[in-house]
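Chemist: What would the 3D arrangement of this be:
(chains A and B)
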Amino acid sequence: MARATEALPGAGEEALGEGASQSPLKIALRRLLKKRIAMIAIVYILIFYAAGATAPLLDGAGAIPGYTEQDLEESLEGPSMSHPFGTDRLGRDQLSRVIWAAQTTVIITVVVMVSGGLVLTVSMGLLSGYVGGWVDSLIMRVGDVFISLPGLLMLILINASLGDQVESLARDIENGVAIAPLGISLFTIQIGGLVRSGAPDYFLIAAALTLFSWVGGARVIRSQILALRETEFILAARALGASTPRILFRHLLPNVSNIIIVSLSLSLAGIAGSEIVLSWFGVGVQPPHPSFGALIFDASSVRTVNEHAYLLAFPGLIVAALFFAFNLLGDALTDVFTPRAR
Amino acid sequence: MEGTFSYLIRRLLWVPPILLVVSFSTFAIARFGPGDPIRIASGQFRDEEAFERARAAYGLDKPLVEQYVIYVENVLTKGDFGQSFRYQGRSVREIIMPAIWRSLQYNSVALVITLSLGIPLGIFAARRQGTWADPASISSFLLIQSIPAIVAVPFLLLFLAVRLPDLSLPGFFPFGPLESFLRSLALPASGWPRDCNVRLPLVGESYECLGVVSKEAIIPIIALSLPGIAIWGRYTRAFTLGVLREDYVRTARSKGISERQVMTQHVLRNALLPLSTIVAFAMVGLLEGSFFIETLTGVPGVGRLTFEAVLGRDYDMIMAVALIGATTIIMANIIIDIMYTFIDPRIRYGSRN
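Modeler: Okay, the predicted model is just below:
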């Protein structure tokens, strides 16, 4: 924290312009560490993600009761020492259900962030900005269509319509089915326990969210690349005969990394929220797998809220705090990475 | 402005193809799914022959592409958006128009409330930049915004409708007198809201209106308006801060005019102008919020209609709401881009190179 001695050489480095691809990030990180609110947000997000990621371990070690473990004699009990968040209608421990629901959120956000946020957004933005021409037109027109679609409605339709198909495909894979496009058997795969683990649900939700989450970020990256394309160092790289992939990934990518980080952090809350909403609607993660959407839906009838408010309050509070933390973090990162806005 | 005009034309030319792609993808995805509306409507013990007849009557036995072509033809030539499966014997148009009208009423009232709280919040925060009051005021509304509607509405219902039934007593709660006051202003003396008939200028038909000033509207209006306050507060704060740094503000201050005059005449005028572009965004956001809030509070608007249509596989209704949603979003985006050119004349859309 208070390493003033290290801060000085760091600043000198910046002035010399050395390690240009590294030091801006380091400077930004140092600035971020100074923001107390952002640090609290990060700590909360880390705890949430750690709890979600270690849910199977916690369960295996017996630290929390299993999320499907019913005890009908203890149904609908308020918060107590043995069940800090109370128990649900079937006497299942609400705390462990919340932790497993966090796992769902963790899986979906990480998968969508990597596939949609990083791979799709960045590659589309880079391609469209640098290559230009018909590639640019095509990507931007497709983007226009996605921007114009009422996202939520489409996500619900896609998940409702394709859920069964994806699940039966997963069942086929479990039973060992030849993947045979055009009737030619390419290879046979067999993976056990797919449907039981809920993988088809995750796959479909992540795929659908990825499809809808790339346009905004790609547009911002494109506009930045358009400006960078004509700068001297890119012209120099091109004149020296650098290949297009090299220019894209060695020279352009580091220069838009700040945009990528900001747009990722801003979209995280949206991704988590979409999954919750889909599961609330009943087309997301299917029971018995817990998801915050399902937990909230089960607890949200007025009668249940009146008599067992804790069933809604705890999951609701944890989700609200997560969104709050994402919002604060996103603000702080925008602040840190775009000095103009300060 | 010449450039802006041709830019507008170019953007508008893109609208029909985009709508075609949107409509076809919605059409295909909706029909691809499990569950057939006729099957859902006819229940478990159905007569297979009657079932097939009903399918044929609605044209559901034809191939997908043919169905789509028929749909587009009907929409374009007759303005016919099809029949609702759920509300049998009624056209989609007939059902959707009053729903849109209702959602518009709710969303406009919510937008006004959001603006009248969010803008002062942003100005307040901007003027106290650097003190604890700036982050504290914005963050507290950010916290409210972070509570998902699906969590907030049940609690609102609990506190405002279940735990405090006194709220509905006329005269106890300020909304009671407010309600009767607004009613006396807005309406002919005939018993409102049951048979209030408002002639809509564009649609030309009359609809029963569910007044946004009735006490049933309190909870949905609160739920719709609260989340947006933080967004408006943050934008207002950012724009106000930008203007506060300008030279002309320093000049105004150095002339010795009162701080109040500096704020109202020099700062706010310039800070609030760019905010107008966000109104379009806000309307789109409200549309999405309506989906949950209308469903949870029972407001018969577009949001709830969408919810019911998806659950009941009401194909033509799904198409209609998807098209309405897409058109709204496209138009909002075009309006925003055009407004930028008026607000900031440095932005010119013309030749791209």
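Chemist: Low-confidence ranges, the chain, go.
Modeler: Because you didn't say which chain, this covers chain A. Within chain A, the ranges that satisfy pLDDT under 70 run A:1-23, A:61-64, A:66, A:68, A:75-76, A:81, A:91, A:174-198, A:338-342.
Chemist: Please refer instead to chain B.
Modeler: Across chain B, the stretches falling below the confidence threshold (pLDDT under 70) are B:1-2, B:33-35, B:40-46, B:161-216, B:344-353.
Chemist: longest single helix anywhere in it?
Modeler: Here the longest helix in chain B is taken by residue count, with DSSP state H as the criterion, and it is helix B:92-127.
Chemist: Pull the residues that contact whichever helix or strand A:Phe146 is part of.
Modeler: Element membership of A:Phe146 [criterion: DSSP states H and E] is helix A:133-148. Outside of helix A:133-148, the residues within contact range by CB atoms under 8 Å, 6 or more residues apart in numbering or on different chains are A:124, A:127-129, A:211-212, A:214-216, A:218-219, A:222, B:14, B:18-19, B:21-22, B:326, B:329-330, B:333. (Glycine included, C-beta is placed from N, CA and C.)
Chemist: Might you report the residue contacts of the nearest residue to B:Pro37 once chain neighbours are set aside?
Modeler: Once flanking residues are discounted, B:Pro37 sits nearest to B:Phe85: 4.0 Å by CB to CB, 6 or more residues apart in numbering or on different chains. Counting by CB under 8 Å, 6+ apart, B:Phe85 touches B:37-38, B:40-41, B:58, B:312-317.
Chemist: Could you identify the buried members of these?
Modeler: Buried members of the contacts of B:Phe85, counted by 16 or more other CB atoms under 10 Å in any protein chain shown: B:37-38, B:41, B:58, B:312-317.
Chemist: Among those residues, find me the one that's closest to B:Phe159.
Modeler: B:Phe159 has its nearest neighbour among the buried ones among the contacts of B:Phe85 in B:Gly312, at 31.9 Å by CB to CB.
Chemist: Name all residues that make contact with the nearest residue to the closest one once chain neighbours are set aside.
Modeler: For B:Gly312, the nearest residue in space outside its immediate sequence neighbours is B:Arg86; the separation is 4.5 Å by CB to CB, 6+ apart. Contacts for B:Arg86 (CB under 8 Å, 6+ apart) come out as B:37, B:41, B:308-309, B:312, B:314, B:317.
Chemist: Please apply the same query to A:Pro150.
Modeler: Residues counted as contacts of A:Pro150 (CB under 8 Å, 6+ apart) are B:287-288, B:321-322, B:325-326, B:329.
Chemist: Can you name every helix or strand that the strand or helix carrying B:Tyr340 contacts?
Modeler: Secondary structure here is read from DSSP H and E; on that basis B:Tyr340 sits in helix B:315-343. Under the contact criterion of 3 or more CB pairs under 8 Å, 6 or more residues apart in numbering or on different chains; DSSP states H and E, helix B:315-343 touches helix A:133-148, helix A:151-174, helix B:2-32, helix B:92-127, helix B:276-297, helix B:302-311.
Chemist: Apply 6 Å and report the result again.
Modeler: Contacts of helix B:315-343 with other secondary structure elements, assessed using 3 or more CB pairs under 6 Å, 6 or more residues apart in numbering or on different chains; DSSP states H and E, are made with helix A:133-148, helix B:2-32, helix B:92-127, helix B:276-297, helix B:302-311.
Chemist: okay if I get these as JSON lines plus mean neighbour count?
Modeler: Listed next are the helices and strands packed on helix B:315-343 as JSON lines, based on neighbours: other CB atoms under 10 Å in any protein chain shown:
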{"stretch": "helix A:133-148", "mean neighbour count": "16"}
{"stretch": "helix B:2-32", "mean neighbour count": "15"}
{"stretch": "helix B:92-127", "mean neighbour count": "20"}
{"stretch": "helix B:276-297", "mean neighbour count": "21"}
{"stretch": "helix B:302-311", "mean neighbour count": "24"}
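Chemist: Contact partners for the residue most central in space within chain A?
Modeler: Nearest to the geometric centre of chain A sits A:Thr109, at 2.2 Å (CA atoms, centre = their mean). Listed by CB atoms under 6 Å, 6 or more residues apart in numbering or on different chains, the contact set of A:Thr109 reads A:268, A:271-272.
Chemist: now, among the residues you listed, which is nearest to chain B?
Modeler: When the contacts of A:Thr109 are ranked by distance to chain B (CB to the nearest CB), A:Ala272 comes first, at 10.0 Å.
Chemist: Assumed that closest one was part of a strand.
Modeler: No - going by DSSP: H, G, I helix; E, B strand; the rest coil, the assignment for A:Ala272 is helix, not a strand.
Chemist: For it, which residues are in contact?
Modeler: With contacts defined as CB under 6 Å, 6+ apart, A:Ala272 is in contact with A:105, A:109.
Chemist: With A:Asn327 as the reference, measure out to it.
Modeler: 12 Å (CB to CB, to the nearest Å).
Chemist: A:Val302 too?
Modeler: Counting by CB to CB, the gap from A:Val302 to A:Asn327 is 29 Å.
Chemist: cool, and A:Lys34?
Modeler: 19 Å.
Chemist: Neighbour count: the two, which is higher?
Modeler: Shown here are A:Lys34 and A:Asn327; by other CB atoms under 10 Å in any protein chain shown, A:Asn327 has more neighbours (22 against 11).
Chemist: Which residue is the nearest non-sequential neighbour of the more buried one?
Modeler: Using CB to CB, 6+ apart and skipping residues adjacent in sequence, the residue nearest A:Asn327 is B:Leu142, 5.5 Å away.
Chemist: Touching, the one you found and B:Ile229? I think so.
Modeler: No - no contact is recorded between B:Leu142 and B:Ile229 when judged using CB atoms under 6 Å, the distance being 9.3 Å.
Chemist: Looking at the two, which one has more neighbours?
Modeler: With other CB under 10 Å as the criterion, B:Leu142 and B:Ile229 differ in neighbour count, and B:Ile229 comes out ahead with 25 against 21.
Chemist: Just to check, that one is in contact with B:Leu115?
Modeler: No - the criterion here is CB under 6 Å, and B:Ile229 misses it with B:Leu115 at 9.0 Å.
Chemist: List the backbone torsions phi and psi for B:Gln83.
Modeler: Note on B:Gln83: backbone dihedrals following degrees, to the nearest 10 are phi -110, psi 150.
Chemist: Thank you kindly, that will do.
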